[in-house]
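**Q** mind folding the following:
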Amino acid sequence: MLKEERLAYILHQVNLHNKVLSSHLSEQIQVSEDTIRRDLAELAQEGKIIKVHGGALSNSFHQGIASQDVYAVEDKKTIALKAVQLIHDGMFVLTTGGTTIAELARVLPRDLQATFITVSLPAAFEYANHPNIEVIVIGDKLSKGSKITVGGEAISKIKMIRADLCFLGNNAIDAADGLTDNDWDVVQVKRAMISTAKKVVVLSISEKIDTSEQLKICDAEEIDVLITELPPDSKKLQPYRKKGIQIL
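**A** Numbers count the residues shown, from 1 in each chain. Below is the predicted model of the structure:
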């Protein structure tokens, strides 16, 4: 892979996943971590990404989920419009954070009366814009990389909740490998949410379908609903339907 191709691939991965690890990029591209670190430094110097210890963050996610530069924003709006159909008055809804969750918050009906519980400060601010929604923020240490609260206290509080719905933003999902991520703290929070919710809904743009990260959150069979921007009968989604997942 030529350097220009490598830089383009890295930039795409950062924008797609919001956060990448140097070690994972090294394995994917099959170059040394020193090479990846130099590439990340070059992209950061050009203002295209934000270099952090062990990897990089996307500009749009760091600057704010209201940014017009959010990756695949139209696809995420389509997903949000599908997801909102699952929410009804009186529900307790548990959510992670991320750009797709933010789009969901923006399309909630103004007359919806429900309680939203989140570990994401940006998501909480979006929910707070709705007049009839109660907002509960689960506090603990704030992860700057994911913009959610993480840690033992947050997990303990999550496990005390019996939510009607749990909406999970997605980093990677595969029919065989299940739901995966590259952030240990985020994985623990998502596992806790899955364990306590009556119905688990994964929101994912199609580019993240059939991809895997290093840390497992759950098996595909533990997911109740998968929502993408694709038509539900898309061939790409058939392996997930075979796992018993409802496709929207």
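
**Q** all helices for the chain, in order.
**A** 3-17, 22-29, 33-45, 59-63, 73-83, 99-106, 121-127, 152-158, 184-196, 238-241 (DSSP state H).

**Q** how about these in a markdown table, adding mean pLDDT, mean neighbour count and distance to V52?
**A** Every C-beta, even on glycine, is put in place using the N, C-alpha and C of the backbone. Listed next are those as a markdown table, based on pLDDT from 0 to 100; neighbours: other Cβ atoms under 10 Å; distance: least, Cβ to Cβ, whole Å:
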| stretch | mean pLDDT | mean neighbour count | distance to V52 |
| --- | --- | --- | --- |
| helix 3-17 | 87 | 17 | 11 |
| helix 22-29 | 88 | 17 | 10 |
| helix 33-45 | 90 | 16 | 9 |
| helix 59-63 | 65 | 18 | 9 |
| helix 73-83 | 95 | 19 | 23 |
| helix 99-106 | 91 | 25 | 18 |
| helix 121-127 | 89 | 21 | 18 |
| helix 152-158 | 92 | 17 | 21 |
| helix 184-196 | 94 | 20 | 14 |
| helix 238-241 | 97 | 16 | 32 |
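
**Q** turn the ones you listed into TSV, including distance to A175.
**A** Below are these laid out as TSV (distance: least, Cβ to Cβ, whole Å):
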stretch	distance to A175
helix 3-17	19
helix 22-29	20
helix 33-45	29
helix 59-63	27
helix 73-83	19
helix 99-106	20
helix 121-127	28
helix 152-158	26
helix 184-196	17
helix 238-241	4
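
**Q** so which of those helices gets nearest G90?
**A** Evaluated over the helices of the chain, closeness to G90 peaks at helix 121-127, with 15.9 Å, by Cβ to Cβ.

**Q** and the closest one, what other elements does it pack with?
**A** Judged by 3 or more Cβ pairs under 8 Å, 6 or more residues apart in numbering; DSSP states H and E, the packing partners of helix 121-127 are helix 99-106, strand 114-118, strand 133-137.

**Q** let's have the ones you listed in CSV, adding distance to V20.
**A** Output for the helices and strands packed on helix 121-127, formatted as CSV (distance: least, Cβ to Cβ, whole Å):
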stretch, distance to V20
helix 99-106, 16
strand 114-118, 24
strand 133-137, 27
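
**Q** among these, which comes closest to K236?
**A** Each of the helices and strands packed on helix 121-127 has some distance to K236 by Cβ to Cβ; the shortest is helix 99-106, at 17.8 Å.

**Q** other residues contacting the closest one?
**A** With contact meaning Cβ atoms under 8 Å, 6 or more residues apart in numbering, helix 99-106 is reached by 18, 60-61, 65-66, 70-71, 73, 76-77, 79-80, 83-84, 95, 116, 118, 120, 122-123, 126-127, 129-130, 167, 169-170, 203-205.

**Q** nice, that's everything, thank you.
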